[in-house]
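the sequence and its predicted three-dimensional model are supplied below.
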Amino acid sequence: MAVIAVGGAKGGVGRSVVAAGIAVYLAQLGRKVLVVDGHPYAPQLARAFGCAVESRERAPWQSLGTDPRGIESAVPNVRVLQTYSEHATVAGATLRRPREIAAISGADHVVLDLGAGSQPAVLDAMLDVDAQVLVTLAEPAAVEAVYRWIRHAYARALHHALKAFPVATATLRQVIETQLGAPAPLLLARAIEQADSAAASVVRHELAMLSPWLVVNASRSRVDLDLGESMRILAKQQLGVELTFLGHVEFDESVSLTARRRRPLMVEAPGAKSSRNLERLARRLVAGISANELVPAVGTAAVESVLDATQTHYDTLVLDRGATDDEVRRAVRRMRELYSPDSLPASGLASLDTLAMALAKIEEARDVLLDPIRRRPYDLSLLAPTMPSTGGGLPVVEPAEPESLPDMPELSPVTEFDGALLRAVRMARGLELRELASRTKIPRASLEALEDEAYDVLPPVVYLRGFLSEFARQLRLDPEQVALTYLRRMRDARSGR
């Protein structure tokens, strides 16, 4: 069973549309789904799913009970549970503990549609699930609300996790009071580690486990389509959080038309472009479910590199170490745009001083990586092991020869991709499987099976297609061509051709 929550961030961004789309997709796969309507005092999903809603015209002080398994909807395999009435919470449904609802629901999956904002009830509910899905629009207020939710979610997670560490708990409260709110997770983590080193492992674990998914709704332009990936980069660099871009939903009049008919979008208009977008992002989420990777197991290695300030110039520009000069120049232009004061992806991310410091690091990275005389020693320093100093001075760095990257295989628009070719491209890009597993949230074992063409241990085709597409994007290949040719080769091998 998987528990998925869609919530937080700004109101009116289309969370209910996304939650309903995920629920319908799971139901169409034959899974029993419980949709939990967690909108405070404004329940709406029951009517959207065609449920026979009983009259709740009672006095505000009267306790309203409900069946924790929900009520039947007009969509097969979907039941709807309403946790709020117009006046109060409904007895029998504890929204703060979604796993308790899931345990008695009898469903295969539970999808929660929660309210906006970062109030404790919403944060507690979203921290008690397998997948946290945030929805945004291509507007500054909605983008800022996503970053705000991340800051408050990490502070709330530490509030629960640090109860056995009084010094760390006191520091947490002091920092929040001083900052007049929850600061960036990186700042909060560093402050607590400095005050109480015993709590460091807990602080880093909670930061590694905060890995929400992001959906960009009502996208209209190419800039809107790039918003999700841009926010992912900025959240990693400035907040230390793995914000995974799940997908986008194009602006579509079908959304409002189906809402008027009180029917889920993917049921009423399955051929609409927004329905196809929802199906694609739901498929990616289901791929994570099948691989037991809903909460990306990035571990603490990625977090430690950010907390310990060991980011390289390549990390600053989001580049591989084998990047060419042209790739460096393109990356510099992109990062300048992301950190500019009027940048949409950076709305509400950090102060102007912090953005200025980030721009300074970008210029420093550019100066080093575009100067061959400075770049080679810098690359050597990244590869060289650091040894303890014997004289109390600076550490002694042993020189090491840089590892030369293999040549890039010849590729064309009609290239047939197999496991060996994917491995060759990955190695030519200077990428390790561990790094790719962290980026794509695909288990390393599955990536190894892809390259080894171990078809027997790979997931079903519906999930494998998503794995291949994400793998191809990380290698800067055509996702459709990679998935098409690899799956065709797999079918031929299985049929004995």
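Structure received.

ok, then the element right after the helix or strand bottoming out on mean pLDDT in the chain?
Among the helices and strands of the chain, strand 396-397 carries the lowest confidence by mean pLDDT, DSSP states H and E, at a mean of 42. Using DSSP states H and E, the helix or strand that follows strand 396-397 in sequence is helix 419-428.

name the helices or strands packed onto that next one?
Counting contacts by 3 or more CB pairs under 8 Å, 6 or more residues apart in numbering; DSSP states H and E, helix 419-428 packs against helix 444-452, helix 479-495. Using the backbone N, CA and C atoms, a C-beta is placed for each residue, glycine as well.

list the buried residues for the first one?
By that I understand helix 444-452. For helix 444-452, burial by neighbour count (16 or more other CB atoms under 10 Å) applies to 446-447, 449-451.

can I get those residues in a markdown table with pLDDT and distance to residue 339?
Output for these, formatted as a markdown table (pLDDT from 0 to 100; distance: CB to CB, whole Å):
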| residue | pLDDT | distance to residue 339 |
| --- | --- | --- |
| 446 | 85 | 34 |
| 447 | 89 | 31 |
| 449 | 88 | 38 |
| 450 | 91 | 35 |
| 451 | 92 | 36 |
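
just put these in a markdown table and tack on distance to residue 114.
Converted to a markdown table, those look like this (distance: CB to CB, whole Å):
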| residue | distance to residue 114 |
| --- | --- |
| 446 | 31 |
| 447 | 33 |
| 449 | 36 |
| 450 | 35 |
| 451 | 39 |
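
looking at the residues you listed, spot the one nearest residue 20.
residue 446 (29.3 Å; CB to CB).

go ahead and confirm that closest one touches residue 463.
No: under the criterion of CB atoms under 8 Å, residue 446 is not in contact with residue 463, lying 9.2 Å apart.

next one: the helix or strand that contains residue 381 to chain centre, how far?
Here residue 381, judged by DSSP H and E, is contained in helix 372-383. A distance of 33 Å separates the centroid of the chain from that of helix 372-383, by CA atoms, centre = their mean, to the nearest Å.

only the buried residues of that helix, if you could.
375, 379.

elements contacting that helix?
helix 352-369.

the helix it packs on vs helix 372-383, what angle?
Between helix 352-369 and helix 372-383, the angle comes out at 110 degrees (axes from the mean of the first three to the mean of the last three CA atoms, to 10 degrees).

may I have helix 352-369 as CSV, with CA atoms only?
Extracted in CSV, the C-alpha atoms of helix 352-369 (Å, rounded to 0.1, in the frame of the first residue of the first chain):
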residue,chain,number,x,y,z
LEU,A,352,18.8,39.5,-2.5
ASP,A,353,22.2,39.2,-0.7
THR,A,354,22.0,35.4,-1.0
LEU,A,355,21.2,35.6,-4.7
ALA,A,356,24.2,38.0,-5.2
MET,A,357,26.5,35.5,-3.5
ALA,A,358,25.2,32.7,-5.7
LEU,A,359,25.9,34.8,-8.8
ALA,A,360,29.4,35.5,-7.5
LYS,A,361,30.0,31.7,-7.2
ILE,A,362,28.7,31.3,-10.8
GLU,A,363,31.2,33.8,-12.1
GLU,A,364,34.0,32.2,-10.2
ALA,A,365,33.1,28.8,-11.6
ARG,A,366,33.0,30.3,-15.1
ASP,A,367,36.5,31.9,-14.7
VAL,A,368,38.0,28.6,-13.6
LEU,A,369,36.3,26.1,-16.0
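
mean confidence for it?
Averaging pLDDT along helix 352-369 gives 94.

between the two ends of stretch 419-436, how far is it?
Criterion CA to CA, to the nearest Å; first-to-last residue distance in stretch 419-436 is 15 Å.

what's that stretch in contact with?
320-322, 405-409, 411, 415, 442, 444, 447-448, 450-453, 471, 474-477, 482, 486 (CB atoms under 8 Å, 6 or more residues apart in numbering).

buried ones in that stretch?
Buried, per 16+ other CB under 10 Å, within stretch 419-436: 419, 421-431, 433, 435-436.

nearest to residue 158 among those?
For the buried residues of stretch 419-436, the nearest to residue 158 is residue 435 (27.5 Å; CB to CB).

between whichever strand or helix holds the closest one and helix 419-428, how many degrees?
Residue 435 is part of helix 433-440 when elements are defined by DSSP H and E. Relative orientation of helix 433-440 versus helix 419-428 (the same axes, to 10 degrees): 90 degrees.

for helix 433-440, give the mean pLDDT please.
Mean predicted lDDT for helix 433-440 stands at 81.

cool, stretch 4-16 as well?
86.

what residue ranges in the chain score low on pLDDT?
Within the chain, the segments meeting pLDDT under 70 span 40-43, 52-67, 84-96, 288-310, 384-404, 497.

domain parsing of it, as residue ranges.
The chain breaks down into these domains under automatic domain parsing: 2-290, 419-495.

just name the most buried of the ones you listed.
domain 2-290 (a mean of 20; mean count of other CB atoms under 10 Å).

one step back: could you dump the domains of the chain to JSON lines with distance to residue 315?
Below are the domains of the chain laid out as JSON lines (distance: least, CB to CB, whole Å):
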{"stretch": "domain 2-290", "distance to residue 315": "8"}
{"stretch": "domain 419-495", "distance to residue 315": "11"}
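
for the stretch 51-200 of the chain, what spans make up the helices?
98-105, 120-127, 140-161, 166-178, 185-195, 200-209 (DSSP state H, counting those that start in this stretch).

among those helices, which is nearest residue 69?
Taking these one by one with CB to CB, helix 98-105 is closest: 5.5 Å.

what are the contacting residues of the closest one?
1, 3, 5, 34, 36, 68-70, 79, 81, 93-95, 110, 112, 125, 128-129.

let's go with 10 Å and repeat that
Helix 98-105 is touched from outside by 1-5, 32-34, 36, 38, 67-70, 79, 81, 83, 92-95, 97, 107-110, 112, 114, 124-130, with contacts defined as CB atoms under 10 Å, 6 or more residues apart in numbering.

cool, stretch 489-497 as well?
Counting by CB under 10 Å, 6+ apart, 416-419, 453, 455-456, 458, 461, 464, 468 sit against stretch 489-497.

mind doing that once more with 8 Å?
416-418, 453, 455, 458.

with stretch 342-355 instead?
138-141, 143-145, 147-148, 184, 223, 227, 230-231, 234, 238-239, 337-341, 358.

apply 10 Å and report the result again.
With CB under 10 Å, 6+ apart, stretch 342-355 has contacts from 138-148, 150-151, 184, 187, 223-224, 226-235, 237-239, 336-341, 356-358.

so which bits of that stretch are buried?
Buried, per 16+ other CB under 10 Å, within stretch 342-355: 343-347, 349-350, 355.

wait, doesn't residue 329 sit right on residue 370?
Yes: at 7.3 Å, residue 329 counts as touching residue 370 under the criterion of CB atoms under 10 Å.

next one: phi and psi at residue 411?
Backbone torsions of residue 411, given as degrees, to the nearest 10, read phi -130, psi 150.

what's the spacing between it and residue 363?
Applying CB to CB, to the nearest Å, the value for residue 411 to residue 363 is 33 Å.

same check, this time on residue 475
29 Å.

can you check residue 224 too?
Taking CB to CB, one finds residue 224 at 28 Å from residue 363.

just checking, residue 112 touches residue 6?
Yes: counting by CB under 10 Å, residue 112 touches residue 6, with 6.8 Å between them.

and for the two, which residues touch both?
19, 23, 38, 126, 129, 132-133.

would you turn the residues you listed into a markdown table with distance to residue 195?
What follows is the shared contacts of residue 112 and residue 6, written out as a markdown table (distance: CB to CB, whole Å):
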| residue | distance to residue 195 |
| --- | --- |
| 19 | 39 |
| 23 | 43 |
| 38 | 35 |
| 126 | 27 |
| 129 | 30 |
| 132 | 28 |
| 133 | 33 |
